[in-house]
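# I would like the atomic coordinates for the input below:
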Amino acid sequence: MSTREASTADDPIIESRDQLVAPMMRGEKPKADWRIGTEHEKLVYKRDDFHAPSYDEEGGIRDILLSLQEFGWEPIEEQAEDGSVNVIAMKGDDGTVSLEPAGQFELSGAPLENLHQTCAETGRHLAQVKQIGEQCGVGFLGLGMWPDKAREDLPMMPKWRHAIMRRHMPKVGNLGLDMMLRTCTIQVNLDYSSEADMAQKFRTGLALQPLATALFANSPFTEGKPNGYLSYRSHIWSDTDPHRTGMLPFVFEDGFGYERWVDYMLNVPMYFVFRDGQYIDAAGQSFRDFLKGELPALPGQKPTESDWWDHLSTAFPEVRLKSFLEMRGADGGPWSRICALPAFWVGLLYDQTALDAAWELVKHWSMEEREALRNAVPREALQAQIPGGGKLQDLAKDVLTIARSGLNARARLNDSGDNETGFLETLDEIVESGKCPAQRLLDRYHGEWDGDVKRVYKYSF
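This is a model prediction of the structure:
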C-alpha cells in the first residue's frame with residue numbers, strides 16, 4: 001500500500017475533469033523511458049517461537065525499520081490515530097520499505113531499466129534484512145499467506161489509514177481483514193506509451209492474471225492446516241470488497257481508456273482524506289460528492305489533486321491503473337520468484353510482437369470464461385480448464401514461449417553477456433511439472449513434515 005509522506009503547499013483544487021484524467025495521461029512515456037518497478041512483501045517472525053513481532057517490542061518492527069539506517073535508509077514518520085508519531089517506512093536509493101497492516105515488510109523498488117537491475121535490487125534488500133534479522137532475532141518468510149496465524153495472533157501497525165480500513169472491511173466483505181493482516185504478494189509496475197498501448201497492456205494483463213496466480217500460487221495453509229486452496233490469498237480477494245476488486249468487464253469493452261477508468265474510480269467508495277498530517281475517515285463516502293463540496297467527512301471542501309492520487313491507490317482489482325499499470329495477481333515467494341514475476345510481465349508487455357501474440361491467445365475469451373478461470377485458479381492452479389478446452393498448464397507453455405521471445409527481443413545484457421530470459425527458468429520448471437509452489441509445500445506437509453506446518457519456517461528467503 002502507498003505511504004503518504006506529507007501534503008504539498010502547492011496542491012491545486014480539482015476544478016475540471018481534465019485534472020482527473022491527468023495522472024494517467026502523465027504516465028505516458030516513450031519506450032526508451034519505460035521502467036520496471038517491483039514490489040514484494042514478506043512475513044516477519046521471531047525465530048525463538050515464530051510469533052509475529054509487534055511494532056514496539058524489543059527487536060520488533062520499529063527496531064527492524066530503524067536498523068535499515070545502517071545501509072543508508074532514512075526514516076519516514078507519520079502520526080497515528082492515537083496522536084503518537086511513529087516511523088512507518090524507510091526511503092533510500094532502492095525505493096521505499098514500508099509496512100502492511102500486520103507488519104508484513106514491503107520493498108517498493110525503484111523504477112529500473114532492466115531485470116538484471118531488478119534482481120540485484122532484490123538481492124541487496126534481502127541481504128540487508130537478513131543481516132538485520134540476525135541482530136533482531138527475526139526471520140522472513142516468502143509465502144502468500146501466514147501458514148499458522150489466526151487474525152487475533154497478529155499485531156496492528158500504527159498506521160492511521162490501516163485503522164480506517166480495518167473498521168470498514170467487515171462491512172463490505174467477509175475476508176477483507178484476512179487480506180490486510182494475513183497475506184503477502186509480489187507486484188510489478190509497468191509503463192505505457194499511449195492510451196491505446198495502456199488499453200492493450202491492461203486487457204492482456206488482466207486476461208492472463210489468473211495464469212500469474214497459478215504460477216505463483218503459494219498459500220495452501222490456514223491456521224496450521226491445508227485450506228483446500230493453492231492460492232488462498234487469491235481467493236480472499238473474491239470476498240474482500242466487490243466495489244474495488246475483480247476482473248473489471250469494462251476494460252474489455254470497446255472504447256476503454258482513461259475516461260472510463262476515471263468513471264470507475266469515481267464509483268469506488270472512498271476510505272479517507274489526508275489533511276494537515278491526519279487521516280480523516282471517509283470510508284464508504286463518494287468522491288463524486290467530494291467534487292461537489294458535499295463530502296460528509298469534510299463538508300464545504302473540495303478535493304485537491306493529491307486527494308485524487310490517494311483515491312487512485314484504494315482500488316484493488318487484478319490490474320490497477322495509476323500513472324503506470326500494476327500487475328497484482330501473484331502470491332509472495334522467495335528470491336527466484338521475485339525475479340521471475342517481472343520477467344514474465346516484461347517479456348509479454350514490453351515488446352510489441354510479444355504483446356500482440358499474447359493478446360491473440362486470449363482476446364476471444366468471453367467475460368464469463370474469464371471470470372470462470374479466475375474463480376477456478378485459486379483451487380486448481382495450472383490444472384484449471386481454459387476456454388476452448390485444455391488446461392492452464394498448456395496455455396502457460398505458449399505464454400512462456402512468448403515471454404521469452406519478448407525478452408530476447410529486448411536484448412538487455414548483463415556484464416556476462418546474458419540476456420533477461422534466465423529469470424524465467426523457475427517458471428519453466430513449474431510449468432513442466434504442472435505443480436505450483438503450493439503443491440510442493442503440500443507434498444512436504446503430507447510427507448517429510450508429518451503434518452507439522454511450522455516446518456515451513458525453514459523455507460524462508
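
# need the three-state assignment for residue 140.
Assigned with DSSP: H, G, I helix; E, B strand; the rest coil, residue 140 falls in the strand class.

# chain neighbours aside, what residue packs nearest to it?
Of all residues not flanking residue 140 in the chain, residue 42 sits nearest, at 4.5 Å (CB to CB, 6 or more residues apart in numbering). Just so you know, the C-beta spots here come from the backbone N, C-alpha and C atoms, and that holds for glycine as well.

# ditto for residue 280
Distances taken as CB to CB, 6+ apart put residue 273 closest to residue 280, at 4.6 Å, once the chain neighbours are dropped.

# now do the one you found, the pLDDT please.
If you check residue 273, the pLDDT there is 98.

# who are the contact partners of it?
279, 280, 282, 290, 295, 297, 298, 303, 307, 310 (CB atoms under 8 Å, 6 or more residues apart in numbering).

# what pLDDT does the first one get?
Going back to what we said before, that points to residue 279. For residue 279, pLDDT reads 97.

# now swap in residue 104 and tell me
pLDDT at residue 104 comes out at 98.

# which SS state does the residue nearest to it when sequence neighbours are not counted fall under?
Using CB to CB, 6+ apart and skipping residues adjacent in sequence, the residue nearest residue 104 is residue 41, 4.7 Å away. At residue 41 the chain is in strand, as set by three-state DSSP.

# any idea how far residue 41 is from residue 422?
Using CB to CB, to the nearest Å, residue 41 is found at 24 Å from residue 422.

# tell me which of these two has more neighbours.
Legend: neighbour count by other CB atoms under 10 Å for residue 41 and residue 422, higher for residue 41 (25 against 16).

# tell me which helix or strand residue 96 sits in.
When elements are assigned from DSSP states H and E, residue 96 belongs to strand 95-99.

# just checking, residue 141 touches residue 41?
No - contact criterion CB atoms under 8 Å: residue 141 and residue 41 do not qualify, at 10.4 Å.

# which residue ranges form the strands in the protein?
36-46, 74-79, 85-92, 95-99, 105-108, 138-141, 185-190, 221-222, 225-226, 272-275, 278-281, 319-321, 325-331 (DSSP state E).

# okay, the ones you listed in a markdown table with distance to residue 23 next?
Below are the strands of the chain laid out as a markdown table (distance: least, CB to CB, whole Å):
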| stretch | distance to residue 23 |
| --- | --- |
| strand 36-46 | 16 |
| strand 74-79 | 22 |
| strand 85-92 | 21 |
| strand 95-99 | 19 |
| strand 105-108 | 17 |
| strand 138-141 | 33 |
| strand 185-190 | 14 |
| strand 221-222 | 37 |
| strand 225-226 | 42 |
| strand 272-275 | 16 |
| strand 278-281 | 21 |
| strand 319-321 | 9 |
| strand 325-331 | 13 |
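
# which of those strands sits closest to residue 213?
strand 325-331 (4.5 Å; CB to CB).

# which residues touch the closest one?
143-145, 184-192, 198, 201-202, 205, 209-210, 212-213, 215-219, 231, 233-234, 316-320, 337, 341, 345, 437-438.

# show me how far it is from its chain's centre.
5 Å (CA atoms, centre = their mean, to the nearest Å).

# kindly export that strand (C-alpha atoms) in PDB.
Provided in PDB are the C-alpha atoms of strand 325-331 (Å, rounded to 0.1, in the frame of the first residue of the first chain):
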ATOM      1  CA  LEU A 325       0.000  -0.300 -14.700                       C
ATOM      2  CA  GLU A 326       0.200  -2.700 -11.700                       C
ATOM      3  CA  MET A 327       0.200  -6.400 -12.100                       C
ATOM      4  CA  ARG A 328      -1.300  -7.700  -8.900                       C
ATOM      5  CA  GLY A 329      -2.100 -11.400  -9.200                       C
ATOM      6  CA  ALA A 330       0.900 -13.200  -7.600                       C
ATOM      7  CA  ASP A 331       1.400 -14.700  -4.100                       C
END
